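A.B. asks: Provided below for reference: sequence and predicted model.
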Amino acid sequence: MVINRTQMLLLIMLLVHSALSVCRKNHLVDSDYRQMYCDADVVFRGSPYMAKSSVGIDINGHEIQMSGHTFKIQQWFRGELQPDRPTDFSVSRTWRQDDPCSAPSFPDQAESFLVFASRAGSTSYSVETCRHSFPWECLPDSLKASLPVAC
């Protein structure tokens, strides 16, 4: 198969666009990440590998989406789970139609995320509806170098 110059240019543009679309500008600075870190009960770097979700309607007719995600842990940064930190970790998330972010829980096509989770019961954890996880490759190098953060 022979690829002409136009086809090659389109292929290169597609590859560049897909690489850039992973890192959307989130307008956060290191201090924002540090605050989320200190507010969270658990912070880890992980790769999502399993998810479940359900959709419902509240009494006002607004859509609600509930989801659960299981991550393969690559690195623990903060947590009450010491010394027996699991290699897999599940979090839940609830989205309502009037929330200021989109419905997908982990919309970025990234291999790993920095996740901020809070205790939601005796053995369960949840993430905030918005601003709960960030593609690892999109985080500022200064933040990565400062993990774990002293609170």
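C.D. replies: The structure has been received and is ready for your questions.
A.B. asks: the nearest residue to residue 130 once chain neighbours are set aside: how many residues sit nearby?
C.D. replies: Spatially, and ignoring its direct neighbours in sequence, residue 130 is nearest to residue 101 (3.7 Å; CB to CB, 6 or more residues apart in numbering). Every C-beta, even on glycine, is put in place using the N, C-alpha and C of the backbone. Neighbours of residue 101 under the rule other CB atoms under 10 Å: 13.
A.B. asks: just residue 37 next, same as before
C.D. replies: That count, for residue 37 with other CB under 10 Å as the rule, works out to 20.
A.B. asks: would you mind measuring from it to residue 120?
C.D. replies: For residue 37, the distance to residue 120 equals 18 Å [CB to CB, to the nearest Å].
A.B. asks: residue 139 too?
C.D. replies: Taken as CB to CB, the span from residue 139 to residue 120 is 25 Å.
A.B. asks: pLDDT below threshold where in the chain?
C.D. replies: 1-22, 24-27, 80-83, 85, 105-108 (pLDDT under 70).
A.B. asks: in it, which spans are strands?
C.D. replies: Under the criterion DSSP state E, the chain contains strands at 42-57, 63-78, 88-96, 113-119, 125-126, 133-135.
A.B. asks: turn the ones you listed into JSON lines, including distance to residue 148 and mean neighbour count.
C.D. replies: Shown next, in JSON lines, are these (distance: least, CB to CB, whole Å; neighbours: other CB atoms under 10 Å):
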{"stretch": "strand 42-57", "distance to residue 148": "8", "mean neighbour count": "15"}
{"stretch": "strand 63-78", "distance to residue 148": "4", "mean neighbour count": "17"}
{"stretch": "strand 88-96", "distance to residue 148": "16", "mean neighbour count": "18"}
{"stretch": "strand 113-119", "distance to residue 148": "11", "mean neighbour count": "21"}
{"stretch": "strand 125-126", "distance to residue 148": "18", "mean neighbour count": "18"}
{"stretch": "strand 133-135", "distance to residue 148": "16", "mean neighbour count": "22"}
